[in-house]
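*Asks:* The sequence isn't on hand, but the structure is:
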């Protein structure tokens, strides 16, 4: 049951020693699907087209227009967009792709899928985005691409990364799973010269349940579109709609990565609501920042002046020297207070596959590793009421008070 909206006044100092316990569990990141999305899906189900068709095309056009991107290709996941992007760029066996350990496994798995070698470099201590200085040090004659991840919605340092790519004739493929609708130096992520892959997973700022989008130049997307549907010269809509032809050719051994009109129906309305969603996310971030600003046990997320943060995640970092418990216990304490949290992410080099294949030690990327050990993500979604936010704040402050050194 959703709690009623109320004006947020912050934790009451008089009640700080014994905040009222929350009776219902607060999920970390539920989606917000409105009646408009539901009716658009119903309209699709009642139509003659439920797979990739007119609504997917309209979603691609609306998304490109929203960002000011030269074009967009709707796919079934951000992973599909990254994989298709790498193949379209010609990245394959023998190549090296530089990327970050502070990301979800999909960002690096796709490099393995194309037969290339992922080269991990450490992250910046404030944004936790890939460090351009270390990128430069990692470039070799085998390097073919850089895959920066816009961590938590804070854009990576695209200008220095772009300068490196230009100097060494490298491709840049942006993992923008967290970055809708972030901006870097006033330009939306996805509107620049690099292809960018977006996620519409259930927890994202815009959701189609499962889904993704690849932005890029018209020529790049024309090749990517063929790869994304079996390598076929014609998709189903162009074969079966009025005036279409059953004939097709297989131009390359492609994939089955297309988005359906059922998913696009959700996306059409989610995109229209995105500005309102983002306003609410920024309000919640402001309430968190205000409440936690003076707490010496907590390090708050940053937003550099040259960026507009998408605020997909609100990542707190604990200062271990001030607390008698670690991150895992902190998460457990919040769960006891009915607050759902998560951790973003377990660094890539700690996972069995990558640790075993490449021989990584935990401290191989010290900034990523040390920050992983003390980070947790608080609820940040547009279904949160001000009372929900107050409960999160009270729970965090109570854990800090209870377990201070």
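*Replies:* That came through, no problem. Treat the numbers as computed from the prediction; the structure is a model and nothing was measured. Numbers count the residues shown, from 1 in each chain.
*Asks:* So for the closest residue to residue 24 other than its chain neighbours, what's the pLDDT?
*Replies:* What sits nearest to residue 24 in space, not counting adjacent residues and going by Cβ to Cβ, 6 or more residues apart in numbering, is residue 338, at 6.3 Å. (Glycine included, C-beta is placed from N, CA and C.) Among the per-residue scores, residue 338 shows a pLDDT of 98.
*Asks:* Report the secondary structure state of residue 146.
*Replies:* When classified by DSSP: H, G, I helix; E, B strand; the rest coil, residue 146 comes out as strand.
*Asks:* which residues sit in contact with it?
*Replies:* When contacts are counted by Cβ atoms under 8 Å, 6 or more residues apart in numbering, residue 146 touches 97, 98, 99, 130, 135, 161, 164, 165, 170, 171, 172, 173.
*Asks:* for residue 255, same thing?
*Replies:* Shown in contact with residue 255 (Cβ under 8 Å, 6+ apart): 80, 83, 84, 227, 228, 229, 230.
*Asks:* can you count the residues close to the residue nearest to residue 24?
*Replies:* Residue 338: 14 surrounding residues under other Cβ atoms under 10 Å.
*Asks:* try residue 59
*Replies:* Here the neighbour count serves as a burial measure; for residue 59 (other Cβ under 10 Å) it reads 26.
*Asks:* One more: residue 358?
*Replies:* Residue 358 sits with 14 neighbouring residues when counted by other Cβ under 10 Å.
*Asks:* which one is it nearest to, not counting chain neighbours?
*Replies:* residue 349 (7.4 Å).
*Asks:* same check, this time on residue 120
*Replies:* Computed as Cβ to Cβ, 6+ apart, the closest residue to residue 120 that is not its neighbour in sequence is residue 101, at 4.6 Å.
*Asks:* any idea whether that neighbour is helix, strand or coil?
*Replies:* For residue 101, the assignment made with three-state DSSP gives coil.
*Asks:* now, among the contacts of residue 146, which is nearest to residue 57?
*Replies:* When these are ranked by distance to residue 57 (Cβ to Cβ), residue 173 comes first, at 23.7 Å.
*Asks:* nearest to residue 43, of the contacts of residue 255?
*Replies:* Out of these, the one with the shortest distance to residue 43 is residue 229. That distance is 24.0 Å, counting by Cβ to Cβ.
*Asks:* pretty sure that closest one contacts residue 259?
*Replies:* No: applying Cβ atoms under 8 Å, one finds residue 229 not in contact with residue 259, separated by 10.4 Å.
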